[in-house]
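> Turn this into a model:
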Amino acid sequence: RDVLSPIDGGAIGRVVEADADAARAAMTAAARGFPQWAATPVEERAQIIERAADLLETRRGVLIALLQSEAGKTLDDALAEVREAADLCRYYANEARRICAPAALPGPTGESNILRRSGRGVFVCISPWNFPLAIFIGQVAAALVTGNAVVAKPAEQTPLVAALAIGLLREAGAPNDALQLAPGDGAVGTALVADARTAGVVFTGSVEVAQRINRALAERDGPIAPLIAETGGINAMIVDSTALIEQVVDDVLTSAFRSAGQRCSALRLLCLQEEIAPACIEALIGATRELRVGDPRDIGAHVGPVIDAEAKAKLDAYIAGQAAAGRLLYASDAPAMGTFVAPHILRLDHVADLREEIFGPVLHVATWRAGGFARLLADIAASGYGLTVGLHTRIERRVRDVSEAAPAGNIYVNRNMIGAVVGSHPFGGFGLSGTGPKAGGPDYLRRFLRETTLTINTASSGGDAGLLSLDE
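As a prediction, the model looks like this:
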């Protein structure tokens with residue numbers, strides 16, 4: 001079928017999608033390639049992933065162009081994604097060297113203990129369209145460098161970026177059989193998850209699909225397979241009366257409308273203290289009015305299209321319903337072509353009125369009263385999501401209160417809420433926002449590994465008996 005650009009609906013390539021038989025064939029090939037890949041020394045695996053990072057940077061022009069045409073990325077977003085993909089490869093390569101090396105463990109006198117970590121088998125990597133390069137290659141690189149084989153199922157909307165990424169990994173030295181690409185719809189993912197040879201699943205996407213994957217894994221006979229899931233969130237930013245309004249507006253624009261609001265970490269709910277709400281909303285509307293919505297290949301565009309016609313229709317229907325209810329504070333204009341949705345700002349009466357993640361350039365604003373900070377935190381946590389939370393304040397105690405309440409996996413103070421940096425801001429949440437461990441962090445690779453402890457009694461009543469080699 002044709003792959004269509006969200007910019008103008010034009011065909012930019014073609015994809016042959018897998019079916020259930022092709023999914024099984026991919027699993028067969030990956031399972032066949034697993035033993036040899038697992039036996040490859042970790043240093044060699046790490047060097048392959050690092051070469052892939054070098055290739056990502058060498059080919060960044062092609063990647064940026066494809067990210068723009070297939071995923072609707074603006075130039076700055078596309079460039080940042082290539083950088084993140086390379087960062088993930090290098091970070092995971094170094095972490096694998098550290099984690100996968102045999103480790104000596106203390107034991108009683110006369111006892112030797114060694115901890116070894118190795119790959120689990122075939123990992124199914126199911127990635128989203130909003131970061132079709134960084135999340136895709138991050139999942140695959142993490143599984144490969146830890147000695148697992150991979151069957152990668154990219155989002156239906158972005159198979160071309162995925163195919164290019166697989167090609168770069170293979171060019172870097174990843175084995176053809178242990179690294180399989182299975183483009184297709186949800187039925188392909190379902191077949192892969194249900195396969196008895198699946199040793200683990202890493203997934204980024206909606207909470208509904210994550211829950212279906214979780215149930216499918218639980219219903220299988222055989223070994224219990226881990227699920228590493230990162231979903232979304234009703235991400236809130238709290239602003240009190242001590243905040244600097246100009247800084248707040250700048251960080252809100254970036255957090256809510258960059259990437260057309262199509263980030264898991266994007267700001268969905270702005271909570272303004274009543275005393276500053278009118279001035280802050282006025283400044284925010286004025287700044288939003290200056291954003292340019294249009295072709296992301298235009299260097300002056302701030303907001304590109306949403307990913308496809310289905311996403312646009314869902315957002316348009318939601319906005320229309322909110323406008324009919326009298327909640328519209330501001331609406332920008334969007335081009336008629338393609339799948340553009342302009343930034344919108346909506347008013348809520350209560351924080352709890354936002355019950356689902358609205359994945360697009362739609363910002364909800366609610367107010368809170370002085371003295372109600374603790375209740376506000378509780379209301380935010382009550383959503384069940386726990387991905388990102390922002391706080392703008394000059395009160396140190398409020399920073400401590402939020403950090404101690406830990407309402408999210410990532411808390412951002414006096415800055416924007418997006419753009420987590422590999423190794424510095426490990427990214428991920430809990431509750432309805434994911435399982436952990438956090439991507440781009442020191443614990444992520446451990447979930448891809450199985451552990452074996454080797455214990456040898458080196459003492460005997462007659463002294464050190466030693467161990468004989470095979471030749472002896």
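
> can you tell me the helix or strand for the closest residue to residue 177 other than its chain neighbours?
Ranked by CB to CB, 6 or more residues apart in numbering and with sequence neighbours excluded, the top spatial neighbour of residue 177 is residue 33, at 3.2 Å. (Glycine included, C-beta is placed from N, CA and C.) Secondary structure from DSSP states H and E places residue 33 in helix 20-39.

> ok, then the element right after that helix?
helix 42-58.

> The helix holding residue 33 - what's its average pLDDT?
For helix 20-39, the mean pLDDT works out to 97.

> list the helices and strands that helix packs on?
Applying 3 or more CB pairs under 8 Å, 6 or more residues apart in numbering; DSSP states H and E, one finds that helix 20-39 contacts strand 111-119, strand 122-126, strand 149-153, strand 179-181, helix 186-194.

> Between these, which one is closest to residue 445.
Closest approach to residue 445 among these is made by strand 111-119 (8.8 Å; CB to CB).

> Show me which residues of that closest one are buried.
Of the residues in strand 111-119, 117-119 count as buried by neighbour count, 16 or more other CB atoms under 10 Å.

> Next: stretch 275-289.
Quick answer for stretch 275-289 (16+ other CB under 10 Å): 276-277, 280-281, 283-284, 288.

> buried stuff in stretch 394-401?
residue 398.

> Now do the helix or strand hosting residue 62 and helix 42-58, the angle between them.
Using DSSP H and E, residue 62 sits in helix 60-71. Between helix 60-71 and helix 42-58, the angle comes out at 80 degrees (axes from the mean of the first three to the mean of the last three CA atoms, to 10 degrees).

> What lies in contact with helix 60-71?
Helix 60-71 is contacted by residues 3, 5-7, 12-13, 56, 73-75, 77-79, 81-82, 129-130, 132-133, 157-158, 160-161, 164, 296-297, 304, 307 when judged by CB atoms under 8 Å, 6 or more residues apart in numbering.

> and the residues you listed, which are buried?
Neighbour counting over these (16+ other CB under 10 Å) leaves 3, 5-7, 56, 73-75, 77-78, 81-82, 129-130, 132-133, 157-158, 160-161, 164, 296-297, 304, 307 as the buried ones.

> picking that back up, alpha carbons only: can I get the helix holding residue 33 in CSV?
Provided in CSV are the C-alpha atoms of helix 20-39 (Å, rounded to 0.1, in the frame of the first residue of the first chain):
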residue,chain,number,x,y,z
ALA,A,20,0.0,-13.7,10.5
ASP,A,21,2.1,-16.1,8.4
ALA,A,22,4.8,-13.5,7.9
ALA,A,23,4.8,-12.8,11.6
ARG,A,24,5.4,-16.4,12.4
ALA,A,25,8.2,-16.6,9.8
ALA,A,26,9.8,-13.6,11.4
MET,A,27,9.7,-15.2,14.8
THR,A,28,11.1,-18.4,13.4
ALA,A,29,14.1,-16.6,11.8
ALA,A,30,14.7,-14.6,15.0
ALA,A,31,14.5,-17.7,17.2
ARG,A,32,17.0,-19.4,14.9
GLY,A,33,19.4,-16.5,15.1
PHE,A,34,19.2,-16.0,18.8
PRO,A,35,21.7,-18.6,20.1
GLN,A,36,24.6,-17.3,17.9
TRP,A,37,23.8,-13.7,18.7
ALA,A,38,23.5,-14.4,22.4
ALA,A,39,26.9,-16.0,22.3
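
> Between strand 111-119 and it, find me the angle.
Put simply, helix 20-39 runs at 150 degrees to strand 111-119, going by the same axes, to 10 degrees.

> Buried residues, the helix holding residue 62. List them.
Buried, per 16+ other CB under 10 Å, within helix 60-71: 60, 63-64, 66-71.

> Next secondary structure element downstream of it?
helix 75-100.

> I figured residue 272 was touching residue 236, is that so?
No - under the criterion of CB atoms under 8 Å, residue 272 is not in contact with residue 236, lying 11.1 Å apart.

> what's the least confident helix or strand in this structure, going by average pLDDT?
The helix or strand of the chain with the lowest confidence, counting by mean pLDDT, DSSP states H and E, is strand 103-105 at a mean of 92.

> Check which helices and strands it is in contact with.
Judged by 3+ CB pairs under 8 Å, 6+ apart, strand 103-105 is in contact with strand 111-119.

> picking up where we left off before, for the buried residues of helix 60-71, which one is nearest residue 94?
residue 60 (21.4 Å).

> what's the spacing between the closest one and residue 179?
As judged by CB to CB, to the nearest Å, residue 60 and residue 179 stand 22 Å apart.

> Also residue 48?
Distance from residue 48 to residue 179, by CB to CB: 10 Å.

> Contacts only, for residue 385.
Per CB under 8 Å, 6+ apart, neighbours of residue 385: 232-235, 357, 408, 429, 431-433.

> What's the end-to-end length of stretch 268-279?
20 Å (CA to CA, to the nearest Å).

> same thing with stretch 290-306?
Stretch 290-306: ends 19 Å apart by CA to CA.

> now do stretch 370-388
End-to-end for stretch 370-388, by CA to CA: 23 Å.

> Could you list the buried residues of it?
373, 376-377, 379-381, 383, 385-388.

> sorry, back to before: could you provide the contacts of residue 385 in JSON lines, with additional columns for neighbour count?
Listed next are those as JSON lines, based on neighbours: other CB atoms under 10 Å:
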{"residue": "232", "neighbour count": "28"}
{"residue": "233", "neighbour count": "28"}
{"residue": "234", "neighbour count": "22"}
{"residue": "235", "neighbour count": "30"}
{"residue": "357", "neighbour count": "21"}
{"residue": "408", "neighbour count": "26"}
{"residue": "429", "neighbour count": "27"}
{"residue": "431", "neighbour count": "18"}
{"residue": "432", "neighbour count": "19"}
{"residue": "433", "neighbour count": "29"}
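
> List the ones among these that fall in strands.
residue 431 (DSSP state E).

> wait, doesn't residue 455 sit right on residue 110?
No - applying CB under 8 Å as the test, residue 455 and residue 110 come out as separate, 11.1 Å apart.

> Tell me the pLDDT of residue 221.
Taking residue 221 on its own, its pLDDT is 89.

> That one sits in which helix or strand?
Using DSSP H and E, no helix or strand contains residue 221.

> so what's it up against?
Contacts for residue 221 were tallied using CB under 8 Å, 6+ apart; they are residue 196.

> mind listing the helices for this protein?
Ranges of helices in the chain, per DSSP state H, are 20-39, 42-58, 60-71, 75-100, 134-145, 159-172, 186-194, 207-219, 245-257, 277-289, 309-324, 373-381, 396-405.

> And these: which comes nearest residue 450?
helix 20-39 (10.3 Å).

> Cool, thanks, talk later.
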